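A.B. asks: Sequence plus the predicted model coming up.
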Amino acid sequence: MRPVLLEMAGFGSFRDAAAVDFADADYFALVGPTGSGKSTVIDAMTFALFGSVPRWNDRRTVSLALAPTVDRGTVRLLFDAAGARYVVARELRRLGNGGVNVRNARLERLADPAGLGAPGEPTEVLAADSAVSGEVERLLGLTFEHFCACVVLPQGDFAEFLHAKPADRQKILTKLLGLGVYDEIRTAANDQAKASEHTAETLAKQLAGYEDATDEAEQAAATRVQTLAAVSAQVDTAVAGLTVLAAAARDAEAALARVSSERALLAAVQMPADVVALTSRLAAAVRTAAEAAERRRAAERADSAARVALTEAPERAGLEQARRDHDELAEKLAARPGAEATHVAARAALGGIVAAVAENRAAREAGAVAREEAARTARTVAEEVARLRAERDQLAGLRAPPGVVELAGRLREAQRAAAAAAAGRAAAERADTDARAVLAAAPDRAALERARDA
């Protein structure tokens, strides 16, 4: 690495901008009184490359790089390396809390190997910010410590080197050049040799314990190994069989527990005490429901016939009705004596018909009440039957209790009684229909009364 141009502003003791040109110097010396900034020039070069200075004794320290009376400082170094020209720059800023940090660090390679990095010159950015120091180490082939030991000898160490004894100078050179690593290597090699010697002794003792390892002993050991392998295989087979048997035993225990639980549940099941009564009620409800259904169907047929007859009846105009009434009045006036006798007879017949109609209506209303009652009973019985069927499914494994055949016979008798009731209801509805027909065929009561009044 060959420096070409160093520019500083606000760095160390250089508050104002300053530049050091190394372009035409093969050798140079920095001279001047103490405190004139000779060491600062070397510090600026080192700081531009690595972001730290060796005499600060801490690579993380940057506050000493900024001049005390400024808030911003810059360092820029132009140098040649490996046939190319590079420029590295760093900026220092003072923070509000008094601290200092580094910003805008950049390492660039100039397109022109003879350029000075003036504004506008084409460059290639190689690294920025925290990556600059690592890229500089890769470019120079030296770390910060090696650069300080081999290129930039610290001022205090140089003075100590000039005034030291020959033995102490060797120590200083060993420290500066990092030769102490060889002492560390020697120490590590000695430690490893001692460890290897100890391992060798241990192995030798172990080998001494195998002096009886003859061919016959090896053959006997191999035979024992084969025997143990065969026994191990048999044991593995037996263990697998035991595993299967253990699983089967667990399954059998679970099945036994399940069966025991089911048996306990079945033992607790008892036939309800009112099964016989419910069966009788079911049979009666079935009969009543059948009777109600037959009566309802007959009533519906009669209603349909009446509606059809009403629809087919001809319409009468008012005038025709009036003419018919006048004709009828004339006829009635002519036959008034006979009409009065007929009226008396019709009134008597009307009374009998009204009584019959009232009786039939009462019978029909009683049938409707019975049908509703039968329907309610049928729903109750159906719910009870559903419950009994569920219990019957649970009791499927039990023997049929005595008396079931008798109950079935009683059920059939109840069904026959229900059919007879349905027939009775149908007969009552037919009687009601006949009574209505007789009432409809009787003379008009109003006309008879008018004839009587006339």
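C.D. replies: All right, it came through fine.

A.B. asks: just the helices in the stretch 151-300 of the chain please.
C.D. replies: Using DSSP state H, counting those that start in this stretch, the helices found in the stretch 151-300 of the chain span residues 155-163, 166-176, 180-208, 215-268, 275-312.

A.B. asks: Among those, which comes closest to Ala322?
C.D. replies: Of all these, helix 275-312 sits nearest to Ala322, with 23.0 Å by Cβ to Cβ. For glycine as for every other residue, the C-beta is placed from the backbone atoms N, C-alpha and C.

A.B. asks: Quick check: which of the helices of the stretch 151-300 of the chain is buried the most?
C.D. replies: helix 275-312 (a mean of 16; mean count of other Cβ atoms under 10 Å).

A.B. asks: right, and the helix or strand after that helix?
C.D. replies: For helix 275-312, the following helix or strand on the C-terminal side (DSSP states H and E) is helix 318-334.

A.B. asks: got the buried residues for that following helix?
C.D. replies: For helix 318-334, the buried set under the neighbour-count rule, 16 or more other Cβ atoms under 10 Å, comprises Lys332.

A.B. asks: next one: the next helix or strand after that helix to chain centre, how far?
C.D. replies: Per DSSP H and E, the first helix or strand lying C-terminal to helix 318-334 is helix 336-394. Relative to its chain's centre, helix 336-394 lies at 66 Å (Cα atoms, centre = their mean, to the nearest Å).

A.B. asks: how about the helices of the stretch 151-300 of the chain, which one is nearest Ala81?
C.D. replies: Using Cβ to Cβ, the helices of the stretch 151-300 of the chain put helix 166-176 closest to Ala81, at 22.6 Å.

A.B. asks: Quick one: mean pLDDT over that closest one.
C.D. replies: Averaged across helix 166-176, pLDDT comes to 65.

A.B. asks: Could you list the low-pLDDT ranges of the stretch 51-200 of the chain?
C.D. replies: 58-59, 149-150, 153-165, 168-179 (pLDDT under 70).

A.B. asks: nearest to Val344, of the helices of the stretch 151-300 of the chain?
C.D. replies: Between Val344 and the helices of the stretch 151-300 of the chain, the tightest spacing by Cβ to Cβ is seen for helix 275-312, at 30.9 Å.

A.B. asks: What's the mean pLDDT across that closest one?
C.D. replies: 80.

A.B. asks: between that helix and helix 336-394, what angle do the directions make?
C.D. replies: Orientation check (axes from the mean of the first three to the mean of the last three Cα atoms, to 10 degrees): helix 275-312 against helix 336-394 gives 140 degrees.

A.B. asks: Counting by contacts, list what helix 275-312 packs against.
C.D. replies: helix 336-394, helix 404-441 (3 or more Cβ pairs under 8 Å, 6 or more residues apart in numbering; DSSP states H and E).

A.B. asks: between these, which gets the lowest average pLDDT?
C.D. replies: helix 336-394 (a mean of 73).

A.B. asks: helices or strands next to that one in the packing?
C.D. replies: So helix 336-394, by 3+ Cβ pairs under 8 Å, 6+ apart, packs with helix 275-312, helix 404-441, helix 445-453.

A.B. asks: how far off helix 404-441 does it point, in degrees?
C.D. replies: Using the same axes, to 10 degrees: helix 336-394 against helix 404-441 is 160 degrees.

A.B. asks: From His198, how far out is Ser232?
C.D. replies: As judged by Cβ to Cβ, to the nearest Å, Ser232 and His198 stand 38 Å apart.

A.B. asks: all strands for the stretch 51-200 of the chain, in order.
C.D. replies: Per DSSP state E, counting those that start in this stretch, the stretch 51-200 of the chain has strands spanning 72-81, 84-94, 100-110, 123-128. These are given in chain order.

A.B. asks: For those, give me TSV that also has distance to Ala9 and mean neighbour count.
C.D. replies: Shown next, in TSV, are these (distance: least, Cβ to Cβ, whole Å; neighbours: other Cβ atoms under 10 Å):
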stretch	distance to Ala9	mean neighbour count
strand 72-81	5	20
strand 84-94	10	21
strand 100-110	14	17
strand 123-128	20	14
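
A.B. asks: In TSV, list those along with distance to Ser13.
C.D. replies: As requested, the strands of the stretch 51-200 of the chain are exported to TSV (distance: least, Cβ to Cβ, whole Å):
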stretch	distance to Ser13
strand 72-81	11
strand 84-94	14
strand 100-110	16
strand 123-128	28
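
A.B. asks: Of all those strands, which one is nearest Ala437?
C.D. replies: strand 123-128 (118.7 Å).

A.B. asks: what's that closest one in contact with?
C.D. replies: 86-87, 105-111, 117, 134-136, 139 (Cβ atoms under 8 Å, 6 or more residues apart in numbering).
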